[in-house]
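Asker: Quick check, what structure comes out for this input:
(3 chains, ligands or ions: 2)
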Amino acid sequence: MPSISRDDVAHVARLARLELSDDELELFTAQLGAVLDHAADVEALDVGDVPPTMHPYPLRNVLRDDAVRPGVDRDEVLRQAPAAEDGRFKVPPILGEEP
Amino acid sequence: MTARAIAADVRAKRRSAREVIDEHLARIDEREAELHAFNLVLADEARSAADDIDRRVAAGEDPGPLAGVPIALKDNFATRGIPTTCSSRILEGWCPPYDATVVGRLLAAGAVVIGKTNLDEFAMGSSTENSAFGPTRNPHDVTRVPGGSSGGSAAAVAAGFSPLAFGSDTGGSIRQPAALCGVVGVKPTYGRVSRYGLVAFASSLDQIGPFTNTVDDAALALEIIAGHDALDTTSIPEPVPAYGELMKEGIDGLRVGIVSEFLAADGLASDVARRVHDAAAALEQAGAKVDEASVPSTIYGLSAYYLIAPAEASSNLARYDGVRYGLRVDAPTTAEMNTKTRTAGFGAEVKRRIMLGTYALSAGYYDAYYGKAQRVRTLILRDFERAYEHFDVLLGPTAPATAFAFGAKADPLAMYLNDVFTIPSNLSGHPAMSVPFGSGDDGLPIGVQVLAPALGETVMLRIAAALERAA
Amino acid sequence: MADLDGWEMVIGLEVHCELATRTKLFCGCPNLFGDEPNTNVCPVCLGLPGSLPVLNEMAVELAIRLGQALHCTVERSVFARKNYFYPDMPKDYPISQYDLPTNVDGHLDLPDGTRIGIERAHIEEDTGKSAHVGGDGRIHGAEYSLVDYNRAGIPLVEIVSRPDLRSADDAKDYVNELRAILLATAVSDAKMEEGSMRVDANVSVRPLGDDQLGTRCEIKNLNSVRSLVHAIEHEAARQVELIGAGERVRQETRHWDEAAGRTRPGRSKEQAEDYRYFPEPDLVPLEPDAEYVARIAAAMPLLPGDRRARLASVSNGSQGSVAIAVTRGLDELAIAAIEAGGDPVRVLTHVEHNLAVEGAESVDPAALAKLTHLELTATQAKAVLADLVKSGGDPEDIAKAKGFEAMDASALDASIEAAITAEPDVWAKYVGGDDKAVGRLVGSVMKATNGQADGKAVTAKLQERRTNASG
Ligand SMILES: [Mg+2]
Ligand SMILES: [Zn+2]
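Answerer: Ligands and ions are numbered 1, 2, ... in the order given. I've put the predicted structure just below:
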């Protein structure tokens, strides 16, 4: 049995804001399934007592002084924007509330 | 000609930087159309930058250790005012308002940027076939891939477009193309080189490194780009050794371990395996003690990598939403605009990895996938550390085989298997490099991989130099 | 609206406060409110490709200072990415402490002594601000929106209380006390009206005496203490009504509509996003050592609770008047006046009733102390105090100048004698036990002394004479 279903793929596509055609959905489901099946060896491992590694090189408490640094010029930034209006980035209507 | 020699000539006024640049631009004119190593060649900018170097030399200034050296930058390095695309439609035309830390250090050393090189979209791939702007071809055989994801940088050095190029290595993206193109490629210790300004693929794995024709040039490049950067929290504060000087020391008495799990791997071509044994023999000849080494959990490396890297990527690539920069496909609402933009802007491999990573992080699967992969990562790190109690360096193949033909690895998993020997060092964060060592039955280059413990770049380079002498 | 007979509210608050740092949480942009749009931005807070966050040490110090003020334990913490698409979030993932926050398990004592548990106080970054154009400026029906990232990346601390609050008044007291602590510790300017302090309320109801928690609703968008109180009362009533009607409360977020005076439904739990939290790979763990925390705790200013306790112990005044003195910032003055020999009760009475004025804190404690011992009517004392606030001086001189000096005892006795002989029948009534009759006698004494006599004192003397007369 495949480790990821068509519906799972459709769901993650929605979460990731991607649109898939039926053919793509078909293809991706098979391809992602193959990769996850390959990962079954890891899934099967009992590593409950092993701590996770988030960073290969152990550092901690890396902090910066609370000092102002020059930012970037607004026009240079807004020139890169697909749409802008009086100093701000312009977007289509935002439906749905902020999480 | 090596980067070191060029810089020496330019600093001593034996040659002008302008001459050097024109010579390289001429080679680019000859073969770039065929190879497509670059997304962008900066001919005019390079010429005027070279003239400026010459003016400074004439004025008695020293432009630095890379005075007048042409360099090629992978197109996922932020370059101020110069388009940075990651070979993706979604970033087409984006000009960063800032330079990556590494770029700043190279310019300060007198280097001249000659172009931005092609890559698999967002560095996701092992053949450069995933570039939105078409693949790069292998200079040794244009019917074959150059490897990837830094295929453009590897090809640029192999074709003599620049003596020095830079790439990023998340799962082998420097070492594998270096092997396939017959050049030297180094992935330093994670944190040794600043990631600030490198467009992120997988933040806990990405590392910048050089492509060169010689091990000595690799050492020179490392001395310039390595070192602490306050803009990168994961940057290592330790001072940078004088790699170039220290690597001259021989390898007498160094303990070299051949990674038995790598040689036992199915899919490893016999000609590549033979070259690894030849390399071991050559090192023994040169005075090293060679033995078999075991790093058992590396067999889980590929699986762990294809859970961790996509998970981080799915988050790192969320910002390409059509709001602030790059592509926007208009739609009645912002949410629909995000979706249409990302659907049109990303290629298939990027979408695959975003979805895989989203799945690995999603509610109910985190522990089984991402969480577990991070624990497996610990096992691999421990196994390497155990091995380095008995060995100064480890030895193995870089890629399972020589350069393959375009389209030969249409199945994603088959493509992923290319990185089975390079991925473990990204998971452990340890340095590793590929050194050209002879060629395969098909006459194409083969690279041997030298792996070293954290911050073990010096001993790694000493071994690599010995292999270079023997090759 | 249903009343809450037989029902109990259960309230927990989540308070977001902007930390009073110079710069943002992860970059060097100024932490400023209300500048020109997008003028306090850089690659990091715009989430530009390749940029990396670096943690602001002052944000950490302020967060820990608050944690210490709330009696929290400091833990090793790790930042996480909260993944969701929203245009005012440049990276499409705000960075926040998630399962491993810096401050855990504290408490806050309300002025009435009620102890409210603090679950956690963690660090996170603020989002940008979007303005909605067309559709009368509301998000729904807007033609388009404009995004300003000046606020994106401003450091926040989120203080999460346990569900220990039992009324809207509790909630009000909690927010006011928390605000007082934030100001006393200079952690935040805590201006709700400017949005530097924002409150979400989790409200549920249950039958009195029941110890199970009911289904809760989270009310967002409360930008004043007034709307907090209204929203909680309205929401509790709504839930009681619902249950009374045999329906069930759905767990959901609701938005307070100040104009309409009601909450509107938002996202339900079923629609809840899958945020795919995972540890932020671009940051490293935060492990404040004991000395660091101790240094912050040692530098802690006196907190409102301590100040109330201190004043109560020197004045043993009522909890209410002590609280008022502290809120007015007059506790220092009160204590000094009492220590200078002032009558504690009268000192607190003056602070409570006569000193709610500009410049009250500048009154000379010794003068206030002396005032409490002068034979003056309440009205006279108030007048003298007003002068002390305005221009200082000696209360006795001021009283004299106003013709307030207390008359000497013999003069008072004489006028009392006069009053009695003037109206023997009234005196007889009084002696006969008609207490009301004393008023007329006191009245005429006051008239005779044109208000200089102290009414209470006169009554006392008349009573004395009566007991002697009838004894
Ligand atoms: Mg929060
Ligand atoms: Zn910034």
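Asker: Within the helices and strands, which one has the nearest residue to C:K402 once chain neighbours are set aside?
Answerer: Spatially, and ignoring its direct neighbours in sequence, C:K402 is nearest to C:A383 (6.4 Å; CB to CB, 6 or more residues apart in numbering or on different chains). To be clear about C-beta, it is placed using only N, CA and C from the backbone, and glycine gets the same treatment. In this assignment (DSSP states H and E), C:A383 forms part of helix C:378-391.
Asker: Next: C:I338.
Answerer: Using DSSP H and E, C:I338 sits in helix C:331-339.
Asker: Kindly report the same for C:V147.
Answerer: Here C:V147 is assigned to strand C:144-148, by DSSP H and E.
Asker: What's the first helix or strand after that strand?
Answerer: strand C:155-161.
Asker: Next, name the residue at the spatial heart of chain A.
Answerer: A:A16 (6.8 Å; CA atoms, centre = their mean).
Asker: still on that earlier bit, for the strand holding C:V147, name the packing helices and strands.
Answerer: Packing partners of strand C:144-148 (3 or more CB pairs under 8 Å, 6 or more residues apart in numbering or on different chains; DSSP states H and E): strand A:88-91, strand C:129-133.
Asker: Contacts only, for residue 39.
Answerer: No chain was given, so I picked chain A. Applying CB atoms under 8 Å, 6 or more residues apart in numbering or on different chains to A:A39 gives the contacts A:S3, B:S303, B:A304, B:Y306, B:L307, B:Y369, B:A373.
Asker: nope, chain B please
Answerer: So B:N39 contacts B:D75, B:P83, B:T85, B:S87, B:G115, B:K116, B:T117, B:N118, B:S131, B:F133, B:G152 (CB under 8 Å, 6+ apart).
Asker: Give me the buried entries from those.
Answerer: For the contacts of B:N39, a burial check counting by 16 or more other CB atoms under 10 Å in any protein chain shown picks out B:D75, B:T85, B:S87, B:G115, B:K116, B:T117, B:N118, B:S131, B:F133, B:G152.
Asker: Now the last one: which helix or strand?
Answerer: Element membership of B:G152 [criterion: DSSP H and E] is helix B:151-158.
Asker: ok, which stretches of chain A are strands?
Answerer: A:63-64, A:84-85, A:88-91 (DSSP state E).
Asker: now, of those, which is deepest in the fold?
Answerer: The highest average neighbour count among the strands of chain A, using mean count of other CB atoms under 10 Å in any protein chain shown, belongs to strand A:88-91 at a mean of 24.
Asker: Packing partners of that one?
Answerer: strand C:144-148.
Asker: Quickly run through the sheet partners of the strand it packs on, with directions.
Answerer: Paired strands of strand C:144-148, with direction, are strand A:88-91 (antiparallel), strand C:129-133 (antiparallel) (DSSP bridges).
Asker: In a helix, C:K447, correct?
Answerer: Yes - residue state for C:K447 (DSSP: H, G, I helix; E, B strand; the rest coil) corresponds to a helix.
Asker: show me the residues around it that make contact.
Answerer: By CB under 8 Å, 6+ apart, no residues touch C:K447.
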